[in-house]
Every structure is written in C-alpha cells, then in structure tokens.
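Undergrad: Provided below for reference: sequence and predicted model.
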Amino acid sequence: MYTRSNFSRRPVFSSRRPQDRRVKGQHIDINKFINKAEITEQVDHFKPEHMFSDFKIADVLKKNIVAKGYTEPTPIQDKIIPHVLRGEDVVGVANTGTGKTAAFLIPLIEKVLLNNKEQVLIVVPTRELAVQIEKELKGFTRGSNIYSVCCVGGIGIGPQISALRYFNNFVIGTPGRLKDLMERKFLDLSKFNTVVLDEADRMLDMGFIKDTRFMLAKMPQSRHTLFFSATINREIDYLIKEFLKNPVTISVKTQDTSKDVDQDIIKIKPGDHKFNVLNDLLKQSGFDKVLIFGRTKHGVEKLSKMLAYNGFKVDSIHGNKAHNKRQKALELFKASHVKILVATDVAARGIDITGVSHVINYDVPATYDDYVHRIGRTGRAGAKGKAITFIE
C-alpha cells in the first residue's frame, strides 16, 4: 500500500469544504482496490480457432482489416464473428478493451456488403463511444461505398438531420438524440433489420432503457439483435429475454479486473490534504500518461484547473463541456500533448486510449462496476498499468 511518508507537508492550495466521506451508491470493500498485477516468466498466449482470412468475408474487408494492423482475432472476435455471420442473436460478455467493437462491426459490414440496402442501428450510452465506433467503422469500410452517420447530443442537430436525408447503412448514436430524431420524423427505424446494443449495463445505469425500448418497438420484430455488456445481473438478464430471441451467449470474461493492472490504495490521513498528496504523486517518475477520475463535473473541472496552476499539462472531460471540446481534450491526451486527463465516469466506458500508465481514482467510484471500467483504461493490449484509489 502507498504511504504518506513520501509526500511533503505543505499548505493547502486552496480552501475547500472537507470531503463527505460517505459515497453515494453501493458500499465497496477497499480491499477490492488492492490487487497486484500478475508477473510470470511465461505467458499463455491465446490461440484463436480462426484467422481473419478464414472468415467468409469480402476481400476488401480483409484488406482493410490488415491495413488497420489486425493480425489475428481476439477471443471475443474469434468466438462471436462466426455467429453474427450466420445471423444469430448474440449476447457478448467481456471485459473492456477486448476488441468487441470489431467483433460486431466486421460481420455486420459483411452483411451490408452482401446487401447494400441493409441498415444497422448501433446504440451506445456515451458520445465518445459513438464517435469511436464510427471512426473504427470508417477504417474497416474504406473503399466500400458504405455510408454512416453519428447522432449524439452536445452538438448541433442540424448536420445530423442533413445526413439523415440520405441513405445510411449504419446509424450510430446515443439513446436521447436518436429518440429526438425519431420524434422529429428524421429517423425511421422500420426498415432497420439489425441493432447493436453496446455497453447495455451502462445504458441501464444512465436511465436510457426506456428510450431504448421506444426505439426497438419501432423496428421489425424479426430483427437481428446483438447485445454487449461487461456485466450480467438480474436486470440485464431481463433485458436479454425482452430484446433477443434464442441468443448465443459468448463470455470471455475471466475476472473482473485485468491481471495486467497493479491496483493499490492511498489512505489520506487526518490533517493531510488530498490535493497535495496527488500533486506530489504526479511529480514522481513513471507517471507519464495519467487518467484521473472524479465524482462530479464541478469537482473535475476544479481539479483540472488546480493542476494546471501547478504547472501540469492537463485537460478535462465531463458533461458540462461541449462535445467538440471533449473530443479535443481526448485527442490531445491520446497524442500525449497533455500528460493528465481529469474525467468523470463518462470517460470510463469504451474509450480506447493507448499507453495510459496510471488511473487514479481521486474520488471513490459509486459502484464496483464503475471501478472496473475506470481502471480498464490502463493495462490494455498486454501492457502493464497501475491503478491507485484515494481513501479518506
């Protein structure tokens, strides 16, 4: 466990009300935040049953897969792609960072290539995830005459309405904006025969299930449905039974958190100030690309400004920030132009940022599932990462 001995005592940067030590949400045993990364001499490498060249997909799609640097399928891609190609409903359960986006995009692109009138709806909980999926889609469909539109809130609806006046094979969006477009009569789902519900557990947490039911009710009953969730609980199980027909369930989730993430806590002692501890921690060597999570939009923005005042290259993303500014902050962080990104949980799901050295939970997450998704931003693709949780 990290101790206070390494941190100097100095005046608090600014006066602030003492943090309420009660965390709204479920009680989480702090021992669950401590888990040393597994270090072994030999690593068991996954051996896929298929190679991308084995799948019955178009040559142009195979070419684009290679161009994107994909060499062999991840476990979820290896297991799910054949079922989707056969038109089966699928429930995919996997930890974050396992390649599930390509697991549904590749076979659905093939479906569109076989029938250019096919239309696919992809519903996700956050703007960032929608933007990321469309970016992936464009990479896989280069030279294929496949059209898509991304429909999310936080930006002007006008360009999205304009794009929807034309035929789109893929419509990717968040529930609120999609419902808004439907109610304005710019989006008609009656001819969409395929739907992907990604990060379904997060959509449930964010209260989007009512909007999702509204959309699915406007689609054909005989639709092809793909359902992805990092967790399966009783409520998620009810949704699966409601939305899918005889689905194949594919689970490649072996444990809650990655074995490549070293997890520890820092206990803030009475009289110490959390910001000073964080400030000193970030000055240590090895904190090269750090994602810090806070509980509230106001708190995240304030923390970002405090760190910037102290000389750190830092930016922030949260719900009060305009969509284009959130995207710019993410791009600056991905390109390592800023060293630190401070975020609310909006960034914890589906954002693929390579090379994150540390995730710091400045505020304890509301649920353990939120914790799992936060620390899933580090220790990706076989790299080692570290997660630190502040405990008051």
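TA: It's in. Numbers count the residues shown, from 1 in each chain.
Undergrad: do I have it right that residue 83 meets residue 91?
TA: No. With contact defined as Cβ atoms under 8 Å, residue 83 does not count as touching residue 91 (10.1 Å). C-beta coordinates here come from the backbone N, C-alpha and C atoms, glycine included.
Undergrad: okay, and for the stretch 1-150 of the chain, where does confidence drop off?
TA: Where the stretch 1-150 of the chain drops to pLDDT under 70, the residues are 1-27, 29-32, 34-46, 95-97.
Undergrad: hmm, 80 instead?
TA: Residues of the stretch 1-150 of the chain meeting the criterion pLDDT under 80: 1-48, 94-98.
Undergrad: common neighbours of residue 83 and residue 91, please.
TA: Taking Cβ atoms under 8 Å, 6 or more residues apart in numbering as the criterion, residue 83 and residue 91 both touch 248, 250.
Undergrad: of these two, which one has the most company?
TA: Each of residue 83 and residue 91 has its neighbours counted (other Cβ atoms under 10 Å); residue 91 has more, 24 against 19.
Undergrad: and the strands in the stretch 251-392 of the chain, which stretches?
TA: Remark: strands assigned in the stretch 251-392 of the chain by DSSP state E, counting those that start in this stretch are 261-267, 290-293, 314-317, 340-343, 358-361, 385-391.
Undergrad: now do the helices in the stretch 101-250 of the chain.
TA: 127-140, 158-164, 175-183, 200-205, 209-217, 234-243 (DSSP state H, counting those that start in this stretch).
Undergrad: contact partners of the fourth one?
TA: This means helix 200-205. In contact with helix 200-205 (Cβ under 8 Å, 6+ apart) are residues 123-126, 175, 197, 209, 212, 227-231, 233, 235-236, 239, 349, 367, 369, 373.
Undergrad: again, only this time at 6 Å
TA: 125, 227, 229-231, 235-236, 349 (Cβ atoms under 6 Å, 6 or more residues apart in numbering).
Undergrad: how about the closest residue in space to residue 274 that isn't next to it in sequence, phi and psi?
TA: Nearest residue to residue 274 in three dimensions, chain neighbours excluded: residue 268, at 5.2 Å (Cβ to Cβ, 6 or more residues apart in numbering). Per-residue torsions, residue 268: phi -90, psi 120 (degrees, to the nearest 10).
Undergrad: could I get stretch 320-336 in PDB with only the CA atoms?
TA: Extracted C-alpha coordinates of stretch 320-336, given in PDB (Å, rounded to 0.1, in the frame of the first residue of the first chain):
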ATOM      1  CA  ASN A 320     -20.800  20.300 -18.800                       C
ATOM      2  CA  LYS A 321     -18.100  20.500 -21.500                       C
ATOM      3  CA  ALA A 322     -19.100  21.000 -25.100                       C
ATOM      4  CA  HIS A 323     -18.800  17.900 -27.300                       C
ATOM      5  CA  ASN A 324     -16.100  19.400 -29.600                       C
ATOM      6  CA  LYS A 325     -14.000  20.500 -26.500                       C
ATOM      7  CA  ARG A 326     -14.300  17.000 -25.000                       C
ATOM      8  CA  GLN A 327     -13.200  15.500 -28.300                       C
ATOM      9  CA  LYS A 328     -10.200  17.900 -28.500                       C
ATOM     10  CA  ALA A 329      -9.200  17.000 -24.900                       C
ATOM     11  CA  LEU A 330      -9.300  13.300 -25.700                       C
ATOM     12  CA  GLU A 331      -7.200  13.800 -28.900                       C
ATOM     13  CA  LEU A 332      -4.600  15.900 -27.000                       C
ATOM     14  CA  PHE A 333      -4.400  13.200 -24.300                       C
ATOM     15  CA  LYS A 334      -4.200  10.400 -26.900                       C
ATOM     16  CA  ALA A 335      -1.400  12.200 -28.700                       C
ATOM     17  CA  SER A 336       0.400  12.900 -25.400                       C
END
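Undergrad: any chance you could list what contacts the one helix or strand residue 84 maps to?
TA: Secondary structure from DSSP states H and E places residue 84 in helix 75-85. Contact with helix 75-85 is made by 46, 48-50, 55, 90, 92, 94, 98-100, 102-103, 106-107, 248, 250, 252, as judged by Cβ under 6 Å, 6+ apart.
Undergrad: in strands, which of the residues you listed fall?
TA: When the contacts of helix 75-85 are checked against strands (DSSP state E), the matches are 90, 92, 248, 250.
Undergrad: one step back: any idea which of the strands of the stretch 251-392 of the chain gets closest to residue 165?
TA: Nearest of those to residue 165, taken as Cβ to Cβ: strand 314-317 at 31.0 Å.
Undergrad: partners of the closest one in the sheet?
TA: Paired with strand 314-317 in the same sheet, following DSSP bridges, are strand 340-343 (parallel).
Undergrad: tell me the mean pLDDT for the partner strand?
TA: What strand 340-343 shows for mean pLDDT is 94.
Undergrad: residues making contact with it?
TA: So strand 340-343 is contacted by 290-293, 300, 303-304, 312, 314-317, 333 (Cβ under 6 Å, 6+ apart).
Undergrad: what is the nearest of these to residue 134?
TA: residue 317 (18.1 Å).
Undergrad: and the gap between the closest one and residue 147?
TA: Residue 317 is 29 Å from residue 147, where distance means Cβ to Cβ, to the nearest Å.
Undergrad: neighbours around residue 284, how many?
TA: Count around residue 284 with other Cβ under 10 Å applied: 9.
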